[in-house]
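>>> Prediction below, plus the sequence it came from.
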Amino acid sequence: MGRKYWKIIELFLKPLIFFLKLCPKCIIRLLYDFSSSIPTPVGLILRYCLLASKVNYIGSNVYIARWVTIKNMSGLTIGDNVSIHENCYIDAIGGVDIGSEVSIAHNSSIISFEHAWNDSATPIKYNSLVLKKISIAKDVWIGCGVRVLGGTIINTRCVIGAGSVVKGELIAKSVYGGIPAKKIMEFNND
């Protein structure tokens, strides 16, 4: 869409978002799943409006590509100028905050919970969930196929290399990669 067109389009979207806020969650979920297959700017606008009706907050000029799965939308916050590319999976049951100027490449996952496994009389998949908030600060680039696990804090201006598995706190102005992700280098420029 682009930043220069966003301000014009945003004026027309407000009435649609207001109407969608009145719809039940199951209808929004159904429409969002349907919109996942729609290419072109029409699909982008529809996905944005549907998310805006149910997430905690969504900024302007947010790009949600096709086939992005978002579970528990009410726990999600998205800043301005964010791009989430094809086949990403986000479960915000434990809370997910995505800052402004963030790019999440295709096939990445952000999962804000873990399964408990301490009740040995119950299969692990039926044990309770442990909710763990994820915070992604502004100006972060998450490479393709990255897995961000519950409880992670990614500080400003981090780059996460493709295929990495991230857990814990990542230091600002750094490049991380690997399984588990480790700091590869720091940016020295300001």
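Thanks, I have the structure now.

>>> can you map out the helices along the protein?
3-21, 25-35, 40-52 (DSSP state H).

>>> hmm, who's touching stretch 167-184?
137, 149-166, 185-187 (Cβ atoms under 8 Å, 6 or more residues apart in numbering). Where you see a C-beta, it was placed from the backbone N, CA and C, and this is true even at glycine.

>>> unless I'm mixing things up, V68 is touching I90, no?
Yes - V68 lies in contact with I90 (Cβ atoms under 8 Å); the separation is 7.4 Å.

>>> quick one, which of the two is more surrounded?
Using other Cβ atoms under 10 Å, the more surrounded residue of V68 and I90 is I90, with 24 against 21.

>>> for the more buried one, what are its contacts?
Applying Cβ under 8 Å, 6+ apart to I90 gives the contacts V68, T69, I70, K71, L76, I84, V96, S109, I110, I111.

>>> Geometric centre of the protein: which residue is closest?
By Cα atoms, centre = their mean, the chain has its centre lying nearest to I90, at 5.4 Å.

>>> ok, now how distant is that residue from T77?
Using Cβ to Cβ, to the nearest Å, one gets 11 Å for the distance from I90 to T77.

>>> ditto for K4
Counting by Cβ to Cβ, the gap from K4 to T77 is 25 Å.

>>> What separation do you get for T40 and C49?
Distance from T40 to C49, by Cβ to Cβ: 15 Å.

>>> quick one, which of those two is more surrounded?
Shown here are T40 and C49; by other Cβ under 10 Å, C49 has more neighbours (22 against 8).

>>> what about the more buried one, distance to D119?
42 Å.
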